[in-house]
Structure formats: structure tokens, C-alpha cells
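In: sequence and computational prediction follow.
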Amino acid sequence: MVTLNRIYTKTGDDGTTALGSGERRPKYDLRIEAYGTVDETNAAIGVVRLQTHDMPELDAMLGRIQNDLFDLGADLAVPEREGKAERLRVVASQVERLERDIDALNDRLAPLTSFVLPGGTPAAAYLHVARTICRRAERVMVELAARPDEPVGAAGIQYMNRLSDFLFVASRAANHDGAGDVLWVPGQNR
């Protein structure tokens with residue numbers, strides 16, 4: 001259980017922050033950037049949810065995703081080290097649930113004949129913003145994982161890769177199941 005009774009601690013005034021393990025890192029550290037960008041993704045999804053009250057199935061999916069993103073932040077905040085007690089980790093079943101949600105939304109959509117421009121309904125546009133932040137989080141996580149002694153769980157990276165796909169499909173669903181998609185017209189403005 002998490003208890004937050006004091007919001008400011010002043011311990012970060014020196015430009016460092018603590019990982020969940022207690023280890024202090026500079027605030028510009030790539031691990032901090034990774035879970036910070038996951039948090040940005042979560043915040044963007046929170047903005048999307050302001051527009052999904054009339055789409056209860058999608059809103060419920062987004063609510064589950066927000067909880068998963070907190071799990072992922074906790075996973076990234078405590079690097080997996082030999083001899084350390086196991087902490088909360090993103091697991092394959094979370095990735096699999098996301099895949100089922102993608103399939104459920106995508107089954108209603110017509111195949112695309114062009115790339116989709118961000119836009120249409122407000123929910124769809126915000127979903128595209130969340131998707132691009134999600135892609136950035138994934139890139140940072142992959143860069144972190146490529147560093148020696150910076151473990152990142154494979155399921156966490158897979159989750160973010162699927163999440164960007166989910167957010168794309170969800171944007172189409174929020175655009176009246178694709179009927180309101182704004183399609184790219186190559187060379188239209190030449």
C-alpha cells in the first residue's frame with residue numbers, strides 16, 4: 001500500500017531523485033526519462049478519457065491501461081538485480097490482454113487504403129497525441145535496455161509497442177469506427 005502524506009521532501013533539490021530501490025540518480029538519467037515518459041503517456045490517456053464518456057467499452061480499456069502504466073513505472077523504477085527481492089513487473093498476460101483489446105476494436109474497422117492523419121473527433125486527436133508520446137517512451141526504454149547493467153523487462157517493452165498499436169486502432173474507433181478518419185493524400189498540396 002502506498003501512503004503519501006507529505007508531497008514535498010526537498011531531497012530532489014540537489015538535482016537527483018530516488019529509484020524505488022532507494023538508489024539516487026540524476027534527474028536527467030535515462031531510467032528516470034523512461035518512467036517519466038511512461039507517466040506522460042498515462043497523463044495523455046487521462047486527457048483522452050475526458051472525451052470517452054459516451055464510449056464505455058473504450059473508456060474501460062483506457063482505464064485498465066492507465067493502471068498498467070503505473071505498473072510499468074514501478075517496474076522501471078526498480079531495476080531487476082541479482083539477489084534482490086522481486087518487485088512488481090509487467091507480465092505477458094498484460095500484453096496479451098492489450099492484444100485482445102486491439103483485436104476487439106479492429107474487428108469493427110474497415111481496412112485502410114491510406115495513412116491516417118491525426119484528427120477527426122477530439123478523442124481521436126488526443127489518442128494520436130498519446131500514441132506519439134507512447135512511441136517516445138518505447139524508444140527511451142529500448143535505449144535504456146541496450147545499456148550494460150540497465151535491465152528492462154521484455155514484457156514492458158512489448159507492452160509499450162502494443163500500446164502504440166492500441167492507441168492507433170482506438171483513434172480509428174473513436175472516429176466513428178473509421179468513418180471519420182482523416183486520410184493522407186500524398187502530394188495533395190504541390
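Out: Thanks, I have it.

In: so how far is residue 26 from residue 98?
Out: Here the criterion is C-beta to C-beta, to the nearest Å. By it, residue 98 lies 32 Å from residue 26. Where C-beta positions appear, they are placed from N, C-alpha and C, glycine not excepted.

In: next one: residue 136
Out: In terms of C-beta to C-beta, residue 136 sits 20 Å off from residue 26.

In: more neighbours, those two?
Out: Taking neighbours as other C-beta atoms under 10 Å, residue 136 and residue 26 compare with residue 136 leading, 17 against 11.

In: isn't there a helix covering the more buried one?
Out: Yes - the assignment for residue 136 is a helix, going by DSSP: H, G, I helix; E, B strand; the rest coil.

In: report the contact partners of it.
Out: 37, 40 (C-beta atoms under 8 Å, 6 or more residues apart in numbering).

In: can you give me the helices for this protein?
Out: Assigned by DSSP state H, the chain shows helices spanning 30-48, 56-77, 92-106, 122-145, 154-174.

In: low pLDDT regions in the chain?
Out: Scanning the chain for pLDDT under 70 picks out the ranges 1-4, 11-12, 82-86.

In: repeat the analysis, applying 50 as the threshold.
Out: Residues of the chain meeting the criterion pLDDT under 50: none.

In: what about the residue lying closest to residue 150 once chain neighbours are set aside, neighbour count?
Out: Of all residues beyond its chain neighbours, the one nearest residue 150 is residue 144 (5.1 Å), with distances taken as C-beta to C-beta, 6 or more residues apart in numbering. Using other C-beta under 10 Å, residue 144 has 21 neighbouring residues.

In: who's in contact with residue 144?
Out: By C-beta under 8 Å, 6+ apart, the neighbours of residue 144 are 30-31, 33-34, 150, 152.

In: can you select the buried ones from these in PyMOL?
Out: In PyMOL, this line selects whichever of the contacts of residue 144 come out buried by 16 or more other C-beta atoms under 10 Å:
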select buried, resi 30+31+33+34+152
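
In: doesn't residue 102 make contact with residue 169?
Out: Yes - if you go by C-beta atoms under 8 Å, residue 169 and residue 102 touch, sitting 5.3 Å apart.

In: those two: which has the busier surroundings?
Out: Per other C-beta under 10 Å, whichever of residue 169 and residue 102 has more neighbours is residue 169, with 22 against 19.

In: distance of the more buried one from residue 16?
Out: Between residue 169 and residue 16 the computed distance is 39 Å (C-beta to C-beta).

In: let's have the helices of the chain in JSON lines, adding distance to residue 6.
Out: Output for the helices of the chain, formatted as JSON lines (distance: least, C-beta to C-beta, whole Å):
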{"stretch": "helix 30-48", "distance to residue 6": "20"}
{"stretch": "helix 56-77", "distance to residue 6": "19"}
{"stretch": "helix 92-106", "distance to residue 6": "31"}
{"stretch": "helix 122-145", "distance to residue 6": "28"}
{"stretch": "helix 154-174", "distance to residue 6": "29"}
